[in-house]
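Asker: predicted model follows, preceded by the sequence.
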Amino acid sequence: MGTMIGIIGGSGLYEIEGLQDATWQSVASPWGDPSDDILTGTLDGVKMAFLPRHGRGHVHSPTTVPYRANIDALKRIGVTDVISVSACGSFREDMAPGDFVVVDQFIDRTFARDKSFFGTGCVAHVSVAHPTCPRLGAACLEAAQDSGITVHQGGTYLAMEGPQFSTLAESKMYREVWGCDVIGMTNMPEAKLAREAELCYASVAMITDYDSWHPDHGEVDVTQIIATLMGNADKARDMVKKLPALLGSDRAPCPHGCDRALEFAILTQPQNRDAQLVAKLDAVAGRMLGA
Ligand SMILES: CSC[C@H]1O[C@H](OP(=O)(O)O)[C@H](O)[C@@H]1O
Ligand SMILES: Nc1ncnc2[nH]cnc12
C-alpha cells in the first residue's frame, strides 16, 4: 500500500502550497459533511491530502468541527498518515510562542462531542494509551528541525471544550497539578477517532501564547494569537513540504500497530451487529467488518 499523507490544518492554516495536480475535492461521508472540501495532490512523488479543520474562512468552532466526518473522509480517500497542525497555548516557560511541540500525550477534557465511530450494535474498545504514532512524530520532528523551527520532542496536550479560553484557576491546575505542556481545543476526539480508523496520527502544536498562568503575559488575547499564527503558518508549510521525502511513497505496516488497532477491539458478535451501523463503518472498519 502507498503512503498518503493527510494534513489537518488548524487555526491559521487553511491551505498548503506546492502540490502537483492540486484539486479541491468534495468527499461524501456517512458521518456527515467534513469541515470543507479536501485539497489533494502530490508532493515529491507522495500523495497528499489537506483538510482545513475549521473550514476555509474559519466556519466551525472547536465543538462543532465534524471530527468523525473528517477522519472518515480522509480514510475514505486513502490517507494512511494523519498529521494535525494546531495553534496551542503553552504551560511552559521554555515552550515559547513561535516554537513547535510534537505532542505525544493528551488529557481529554472535552465533553460535547461525538467521540467514537462505534456504539449500539457495534461496540469496539481500542487502546489509546499511546495516542500518537512515534514513527510519524519522529518524521514531524525531523521535518521541523530541517526547516529551522525551534521544536520540542514530546508534550502533553490538554484538550479543553472551549470556545472560551481557560480561567486562571484552570490554567494553573493544568500546569501545576496535572503537568500539562500545551493546551488546545481540537485534538480530541480527533486522535481517538484516528486510532479507531486505524490511521497513524501525529500532532504538531504551534505555540501562540502562554495561556493565562504566566505572570508577565496576562490573559489570552486572540488578536495576539492571530499575529503569532501568521508567522507560524509559513513555518508549518515549510515543515509540511519536508514530510513526503521523510516518509516515502512505499508504506510498510506501522511498527507500532496503529493500522491494526481494531484487530481485537470489536466485541459485538457478527450475528448481533446493527447492519446500518456496519454499513456506515465501511471505510473506518471495513477491514475487520468485511463491510
Ligand atoms: C485561534 S485561538 C483558538 C482556536 O485555535 C486552536 O485551533 P486549532 O486546534 O484548530 O489550531 C484552538 O484549538 C482553538 O480552536
Ligand atoms: N491558550 C489557548 N487555549 C486553548 N486553545 C488555544 N489555542 C491557542 N491558544 C490557546
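Answerer: Looks like it came in fine. Ligands and ions are numbered 1, 2, ... in the order given.
Asker: let's verify Ala202: helix, strand, or coil?
Answerer: Under DSSP: H, G, I helix; E, B strand; the rest coil, Ala202 falls in the strand class.
Asker: phi first, then psi, for Gly137.
Answerer: With angles defined as degrees, to the nearest 10, Gly137 sits at phi -60, psi -40.
Asker: tell me who's in contact with it.
Answerer: 102, 104, 153, 202 (CB atoms under 8 Å, 6 or more residues apart in numbering). From N, CA and C alone the C-beta is placed, and that goes for glycine too.
Asker: for burial, what's the neighbour tally of the residue in the stretch 51-200 of the chain that ligand 2 sits nearest to?
Answerer: In the stretch 51-200 of the chain, no residue comes nearer to ligand 2 than Gly89, which is 2.4 Å away by CB to the nearest ligand atom. Neighbourhood size, Gly89 [other CB atoms under 10 Å]: 28.
Asker: and stretch 98-116 with ligand 2, contact?
Answerer: No - using CB under 6 Å from any ligand atom, stretch 98-116 stays clear of ligand 2, coming no nearer than 10.8 Å.
Asker: please look at the residue of the stretch 51-200 of the chain closest to ligand 2 and Trp213 and confirm they touch.
Answerer: No - Gly89 is not in contact with Trp213 according to CB atoms under 8 Å; the separation is 9.0 Å.
Asker: any idea which helix or strand comes after the helix or strand harbouring Glu170?
Answerer: Here Glu170, judged by DSSP states H and E, is contained in helix 168-172. Per DSSP H and E, the first helix or strand lying C-terminal to helix 168-172 is strand 182-184.
Asker: tell me what that next one is packed against?
Answerer: strand 81-90, strand 156-159, strand 200-209 (3 or more CB pairs under 8 Å, 6 or more residues apart in numbering; DSSP states H and E).
Asker: out of the contacts of Gly137, which end up buried?
Answerer: Among those, the ones that count as buried by 16 or more other CB atoms under 10 Å are 102, 104, 202.
Asker: for ligand 1, what is the nearest residue in the protein?
Answerer: Gly10 (2.2 Å).
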